[in-house]
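Engineer: Build the 3D model from these lines:
(one chain, ligands or ions: 1)
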Amino acid sequence: MLLRLSGQRALQLITALVALSLSAAINVSVHAGGKTKLNGEADKEKTKKKDDLLQQPDSYWKTRLPPDVYKITRCSATEAPFTGKYWNLHEQGLYKCSNCGLPLFESKDKFDSGTGWPSFTRPAPDAVDTRKDQSHGMARQEVICKHCGAHLGHVFDDGPAPAGKRYCINSASLDFAAERKEEK
Ligand SMILES: [Zn+2]
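Structural biologist: The predicted structure follows:
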């Protein structure tokens with residue numbers, strides 16, 4: 001009798017243990033499944049966000065940008081020379097897209113072109129695209145932000161050696177972030 005009871009108890013115990021471990025296994029798999037799904041959604045969201053900026057309608061930018069910035073970056077207007085906030089700036093730092101914040105140019109690549117517009121010898125890696133611009137009876141290469149499609153300015157072949165490029169950019173298309181001085 002004692003043995004039989006023990007046997008029954010042992011069986012109960014084993015059954016309980018199996019049930020426990022089974023439920024733990026199910027929990028783990030549900031958790032893992034949930035996590036995978038979440039990661040997938042996050043990636044999708046990231047991709048969507050990037051595509052979204054390039055596909056946003058004009059109204060999206062019109063409600064978000066100051067009128068002068070909107071006119072230049074979304075309607076390809078050009079600011080008058082010697083009027084923008086950065087043509088004569090000589091501080092060290094990073095010039096970011098005024099529409100989306102993507103780092104576009106570095107101060108070490110800025111030079112005084114005498115044109116009255118911020119001028120750079122090259123953009124940051126993978127930051128800008130160029131496309132043909134035949135407006136105003138000229139054949140020019142328009143420079144746009146790779147991330148959001150903002151009009152930045154034009155690139156010409158009369159820049160300093162060795163690359164010979166002059167990226168002529170509107171101040172309104174840029175947001176300057178000064179380099180942080182090292183703390184002592
Ligand atoms: Zn941008």
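Engineer: buried set for stretch 109-118?
Structural biologist: Buried residues in stretch 109-118, defined by neighbour count with 16 or more other Cβ atoms under 10 Å: Asp109, Lys110, Ser113, Gly116, Trp117, Pro118. C-beta here means a position set from N, CA and C on the backbone, and glycine is covered the same way.
Engineer: can you list those residues in TSV and add secondary structure?
Structural biologist: What follows is the buried residues of stretch 109-118, written out as TSV (DSSP: H, G, I helix; E, B strand; the rest coil):
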residue	secondary structure
Asp109	helix
Lys110	strand
Ser113	coil
Gly116	coil
Trp117	coil
Pro118	coil
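Engineer: could you dump those to a markdown table with pLDDT and distance to Ser76?
Structural biologist: Listed next are the buried residues of stretch 109-118 as a markdown table, based on pLDDT from 0 to 100; distance: Cβ to Cβ, whole Å:
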| residue | pLDDT | distance to Ser76 |
| --- | --- | --- |
| Asp109 | 98 | 23 |
| Lys110 | 98 | 22 |
| Ser113 | 98 | 20 |
| Gly116 | 98 | 18 |
| Trp117 | 98 | 14 |
| Pro118 | 98 | 17 |
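Engineer: out of these, what pair is the most spread apart?
Structural biologist: Asp109 and Gly116 (18.2 Å; Cβ to Cβ).
Engineer: Quick check: closest non-adjacent residue to the spatially most central residue of the chain.
Structural biologist: With distances taken as Cα atoms, centre = their mean, Leu102 lies nearest the centre of the chain, 4.7 Å away. In space, Leu102 comes closest to His147 once its chain neighbours are excluded; the distance is 4.3 Å by Cβ to Cβ, 6 or more residues apart in numbering.
Engineer: can you tell me which helix or strand that neighbour belongs to?
Structural biologist: Using DSSP states H and E, His147 sits within no helix or strand.
Engineer: Quick check: Ala177 touching Ser98?
Structural biologist: No - counting by Cβ atoms under 8 Å, Ser98 is not a contact partner of Ala177; they are 11.5 Å apart.
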